[in-house]
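Undergrad: Got a predicted structure here, sequence first:
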Amino acid sequence: MTTQTNQLKVVPVAGRIGAEVQGVQLGKDLDITVLQELKQLLNQYKVLFFRGQHNLDDSSQEEFAGLFGEPYAHPTVPVKDKSQFIFELDSEQGAKANHWHTDVTFVPEVPKYSILRGVTIPNVGGDTVWANTNTAYEGLPEELKRLADELWAIHTNEFDYAQLVAKAIDEQDEVRQKYRSVFESTVYKTKHPVVHVHAETGKKHLLLGGFVGKLEGYSTSESEKLFSILQSYVTRLENTVRWSWTEGDVVIWDNLATQHYAVADYDEHRVVRRVTVGKEIPVNKDNQRSTLITKQ
């Protein structure tokens with residue numbers, strides 16, 4: 001059902017996650033009351049979609065993103081040329097993030113918000129899907145909830161999508177090999193609670209995704225089975241929303257309330273540019289915090 005706030009028209013896109021926000025032009029001069037509304041809507045919908053934000057370029061995207069928090073530079077990947085904080089995903093450079101993940105969970109301080117802008121969009125394909133990790137947790141049987149509440153997972157960028165992409169490409173492709181080597185220039189391992197308590201809402205969320213290498217205290221095969229069961233609740237279609245991009249679209253999401261997946265079903269060139277902001281160290285129900293295990 002479409003709703004009207006004081007400033008904005010809000011159109012839910014799916015039943016459990018995601019809303020399109022109409023009637024606003026994004027930029028550094030955004031009215032403070034509108035900004036606060038957007039933050040409240042992020043707590044409610046987790047992902048917000050904005051069509052036709054053609055006024056934004058790299059510089060103004062960075063300035064706008066700064067309204068949501070301190071910019072967060074990727075730990076291993078250099079920023080885009082002539083930008084301060086932009087992380088560019090260019091399909092011609094091997095960047096197809098087609099696995100389920102929460103951004104940058106291989107370090108303890110996880111980015112809070114991501115602001116992604118569609119720059120070059122294929123005529124067909126290239127959608128992105130987000131999942132609500134709170135409704136995923138709430139859908140677990142009570143016995144699984146109790147187990148998940150006590151679990152810890154080891155996240156590492158050894159499992160980054162750059163590595164997954166490299167498996168599917170010609171080993172002689174120097175461009176993609178360079179992309180992979182940059183992602184793996186420093187290897188991190190971090191211990192996160194499998195269930196963390198959201199700092200803004202107090203709700204419990206599953207913190208899993210493609211950077212998970214192993215569950216603490218379990219063998220590799222046991223970890224894989226447990227991870228598969230828990231992760232399957234995240235990716236249930238009922239917990240997801242799918243967005244079909246057009247150039248100039250902007251999507252803002254709560255990184256610690258979601259996972260996402262970029263659908264690699266296109267052949268044309270695709271470029272999206274992301275700025276992440278804010279830092280949050282996840283905590284579990286007992287207020288135990290994530291910790292860095294190794295950095296090498």
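TA: Received, thanks.
Undergrad: from the middle of its chain, how far away would stretch 45-57 be?
TA: 16 Å (CA atoms, centre = their mean, to the nearest Å).
Undergrad: just stretch 197-212 next, same as before
TA: Its chain's average C-alpha position is 12 Å from that of stretch 197-212, according to CA atoms, centre = their mean.
Undergrad: if you average pLDDT over it, what comes out?
TA: Averaging pLDDT along stretch 197-212 gives 97.
Undergrad: Same check on stretch 155-166?
TA: For stretch 155-166, mean pLDDT is 61.
Undergrad: can you check stretch 241-257 too?
TA: Averaging pLDDT along stretch 241-257 yields 98.
Undergrad: now stretch 272-280
TA: Here the average pLDDT along stretch 272-280 is 94.
Undergrad: try stretch 117-131
TA: Averaging pLDDT along stretch 117-131 gives 97.
Undergrad: What residues sit buried inside that stretch?
TA: Residues of stretch 117-131 classed as buried under the neighbour-count rule (16 or more other CB atoms under 10 Å) are 117-121, 126-131. (Each C-beta comes from the backbone N, C-alpha and C, glycine too.)
Undergrad: Now do the contacts for residue 213.
TA: The contact partners of residue 213, by CB atoms under 8 Å, 6 or more residues apart in numbering, come to 153-156, 158-159, 189.
Undergrad: Of all pairs in these, which one spans the longest distance?
TA: The largest separation in those, counting by CB to CB, is between 153 and 158 at 13.8 Å.
Undergrad: about what we covered before: so which of the buried residues of stretch 117-131 is the closest to residue 89?
TA: Nearest to residue 89 among the buried residues of stretch 117-131 is residue 119, at 9.5 Å by CB to CB.
Undergrad: any idea whether that closest one is helix, strand or coil?
TA: strand (DSSP: H, G, I helix; E, B strand; the rest coil).
Undergrad: Excluding chain neighbours, give the residue nearest to it in space.
TA: Leaving aside its chain neighbours, residue 119 sits nearest to residue 271 (4.3 Å; criterion: CB to CB, 6 or more residues apart in numbering).
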